[in-house]
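# Output the structure for:
(chains A, B, C and D)
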2 protein chains.
Amino acid sequence: MPEQTKKENVVTLSDSGTLSDRVCNQLKEDIITGRLEQGAKIKEEELARVHGISRGPLREAIRRLEGMHLVQRIPHAGARVVTLTRKMMSDIYRVREALEGMSARLAAENMSAEEIEALWELLESHEKNIEKTDGKVYFQREGDVDFHFRIAQASGNDWLIHHLSSELYQLIRMCRYRSALHPSRPVNALAEHRHIVEAIAAGDGELAELLMRRHISGAWQIVKDLLPRESHD
Amino acid sequence: MPEQTKKENVVTLSDSGTLSDRVCNQLKEDIITGRLEQGAKIKEEELARVHGISRGPLREAIRRLEGMHLVQRIPHAGARVVTLTRKMMSDIYRVREALEGMSARLAAENMSAEEIEALWELLESHEKNIEKTDGKVYFQREGDVDFHFRIAQASGNDWLIHHLSSELYQLIRMCRYRSALHPSRPVNALAEHRHIVEAIAAGDGELAELLMRRHISGAWQIVKDLLPRESHD
DNA sequence: TTCCCCGCTTTTGTTGACAATCCATCCTCA
DNA sequence: TGAGGATGGATTGTCAACAAAAGCGGGGAA
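Predicted structure coming up:
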């Protein structure tokens, strides 16, 4: 299944749609995983040459990345990879708290029995992954995103789904690639995820929201201490 | 000062920055005000000719509008102006409820005495405008956006500020241009705005959030009945 | 020595032409 | 007569060359 996923990604990245879409996804991953480091200047000609395309599609890709807040652009002066400041991350986690809290509440109200069952299975597979990898890598990075993504999906609110999965989660992932997470966190997170699913299964939206907010707030407490110190603020 | 502002706007729209930025703003207004009607197909060549530019910058502008959810694009099949469905508006108002509730709470915690004073003045000027125009046009369309915009600004959360003002408010404006608002609404809204400012001035974040959520929820109740009926859903 | 101005290089913004794709229409054949 | 495929037109995707602006480095003057 991991190979399946990987292959699908490769296909998605290499032959789907337009050059612009392709290179946009590629750049997105490069930025998130740190291959393109924060604050790096983006030179159109160079990047275009590296990716084997012309500057036209590349510029369109950059405009889209700009919309996702992965690059910042100044007219006539070029674009740079966004720099995740402490404040920016703090702002994002706060908003995420509100949005995912809402998401959990709606999920509790809307989710079908089958979907809840699938959630349980997801958690089980996460648990196995933690055992396998000794709780270090897999779960933190993508597994957690999976979980939150499914709950967002279940909310049924398209705006919520889109902004959580297309914007916030990307920045969260970026933040994680920048600062390796605390080793003991996955186990705690898994327990918290369980409680959230329990609340959802019970149809208790209020509790689900509360637990989700607390879960994210706790995550921020952990993450913020791992963020590299900044000279100013 | 109004003339100053106006002139600045004109300059911003007519000669600032790149062609792409200019035409992007122009198209944004065209879409919001309905000059480009919902669901209309966007033909690149035609639009480029109309705006007197080439297709390159126009395509970049469209990519940005796509990021703002003002147009929807399908690869190789072109872009269309977004169609505001009932569900989409409902989703947006729900999210707005959470986001602006949070915004009001943060504003209550952060706003300085001067900013609060400025808010009061804004409300007074709105009241005068209502008297002048008999409560019909000005306040509903831009005045209300002004009020919410200022509170978002006061939250100090950049993500909140950006998404409320650059995305949600645009769609709200678009919705309003589509369905003329209920005449009696501005007076009610003004009273609600007053109560919110009172809570903010008292530093009562919890109350400010509650009142703001109720305010927006009430607005949705009014708006939804005015939305044109849809055949499906 | 330090500051400012000028010209050069680099990089971004813009354009028009070319290639690939899709859509609609019409023609053919069962 | 209807279905299916081919063909032509329209539209989007891509490219490479041109124009304009910003950053730079050197030289001269106070």
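
# which parts of chain A sit against DNA strand C?
A:41-45, A:55-56, A:59, A:73, A:75-79 (C-beta under 7 Å from any atom of the strand). In short, each C-beta sits where N, CA and C put it, glycine included.

# Among the residues you listed, which one is most surrounded by other residues?
In terms of neighbours by other C-beta atoms under 10 Å in any protein chain shown, these top out with residue A:79 at 21 neighbours.

# pLDDT weak spots in chain A?
Low-confidence segments of chain A (pLDDT under 70): A:1-16, A:132-141, A:180-184, A:228-233.

# For chain B, what's its nearest residue on it.
Chain B sits closest to residue A:67 of chain A, with a gap of 2.6 Å, by C-beta to the nearest C-beta.

# what about the residue nearest to that residue when sequence neighbours are not counted, how many neighbours?
Excluding the flanking residues, the one nearest residue A:67 by C-beta to C-beta, 6 or more residues apart in numbering or on different chains is residue B:67, at 2.6 Å. Residue B:67: 20 surrounding residues under other C-beta under 10 Å.

# for DNA strand D, what are the nearby residues on chain A?
So far as C-beta under 7 Å from any atom of the strand goes, chain A lies against DNA strand D at A:18, A:19, A:20, A:53, A:54, A:55, A:56, A:57, A:76, A:77.

# Which residue, other than its chain neighbours, is closest to residue A:18?
Closest to residue A:18 by C-beta to C-beta, 6+ apart is residue B:75, at 5.5 Å.

# Look up phi and psi at that neighbour.
With angles defined as degrees, to the nearest 10, residue B:75 sits at phi -50, psi 130.

# ranges for the strands of chain A?
A:41-42, A:71-74, A:78-81 (DSSP state E).

# Same list (those strands) but as JSON lines, adding distance to residue A:89.
Converted to JSON lines, the strands of chain A look like this (distance: least, C-beta to C-beta, whole Å):
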{"stretch": "strand A:41-42", "distance to residue A:89": "22"}
{"stretch": "strand A:71-74", "distance to residue A:89": "16"}
{"stretch": "strand A:78-81", "distance to residue A:89": "15"}
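
# would you turn those into JSON lines with distance to chain B?
Converted to JSON lines, those look like this (distance: least, C-beta to the nearest C-beta, whole Å):
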{"stretch": "strand A:41-42", "distance to chain B": "15"}
{"stretch": "strand A:71-74", "distance to chain B": "10"}
{"stretch": "strand A:78-81", "distance to chain B": "12"}
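
# Tell me how far residue A:199 lies from residue A:119.
12 Å (C-beta to C-beta, to the nearest Å).

# most distant residue from the middle of chain A?
With C-alpha atoms, centre = their mean as the measure, chain A has its most outlying C-alpha, relative to the mean C-alpha position, at residue A:76: 30.8 Å.

# for that one, phi and psi?
phi 70, psi 0.

# Skipping its backbone neighbours, what lies nearest it in space?
residue B:18 (7.5 Å).

# ok, that neighbour - how many residues close by?
13.

# can you pull the contacts of the closest residue in space to residue A:127 that isn't next to it in sequence?
Nearest non-adjacent residue to residue A:127, counting by C-beta to C-beta, 6+ apart: residue A:190, 6.2 Å away. Applying C-beta atoms under 8 Å, 6 or more residues apart in numbering or on different chains to residue A:190 gives the contacts A:123, A:126, A:127, A:130, A:139.

# With residue A:109 instead?
Contacts of residue A:109 (C-beta under 8 Å, 6+ apart): A:203, A:205.

# hmm, 10 Å instead?
A:154, A:155, A:156, A:200, A:203, A:204, A:205, A:208 (C-beta atoms under 10 Å, 6 or more residues apart in numbering or on different chains).

# Quickly note the distance from the fifth one to residue A:118.
The one in question is residue A:203. Counting by C-beta to C-beta, the gap from residue A:203 to residue A:118 is 17 Å.

# so who does the residue nearest the centre of chain A touch?
Centroid-nearest residue in chain A, with C-alpha atoms, centre = their mean: residue A:169, separated by 2.3 Å. Neighbouring residues of residue A:169 by C-beta under 10 Å, 6+ apart: A:32, A:96, A:144, A:145, A:146, A:148, A:149, A:152, A:163.

# and what of residue A:215?
A:97, A:100, A:101, A:104, A:148, A:188, A:189, A:191, A:192, A:193, A:195, A:196.

# Let's see that with 7 Å instead.
A:192, A:196 (C-beta atoms under 7 Å, 6 or more residues apart in numbering or on different chains).

# what's the answer for residue A:144, then?
residue A:189.

# I'd like the distance between it and residue A:215.
From residue A:144 to residue A:215 the distance is 10 Å (C-beta to C-beta).

# and if you look at residue A:173?
From residue A:173 over to residue A:215 the distance is 17 Å, taken as C-beta to C-beta.

# With residue A:114 instead?
Residue A:114 is 24 Å from residue A:215, by C-beta to C-beta.

# for residue A:121, same thing?
In this structure, residue A:121 and residue A:215 are 20 Å apart, going by C-beta to C-beta.

# Check residue A:53 too.
In this view, residue A:53 and residue A:215 are 41 Å apart by C-beta to C-beta.

# now swap in residue A:29 and tell me
Residue A:29 is 26 Å from residue A:215, by C-beta to C-beta.

# can you check residue A:162 too?
Between residue A:162 and residue A:215 the computed distance is 22 Å (C-beta to C-beta).

# do residue A:207 as well
From residue A:207 to residue A:215 the distance is 12 Å (C-beta to C-beta).

# picking up where we left off before, looking at the contacts of residue A:169, which is nearest residue B:110?
Closest approach to residue B:110 among the contacts of residue A:169 (C-beta to C-beta): residue A:96, at 19.4 Å.

# can you pull the contacts of that closest one?
Applying C-beta under 7 Å, 6+ apart, the residues near residue A:96 are A:168, A:216.

# Equivalent analysis for residue A:102, please.
A:160, A:209, B:98.
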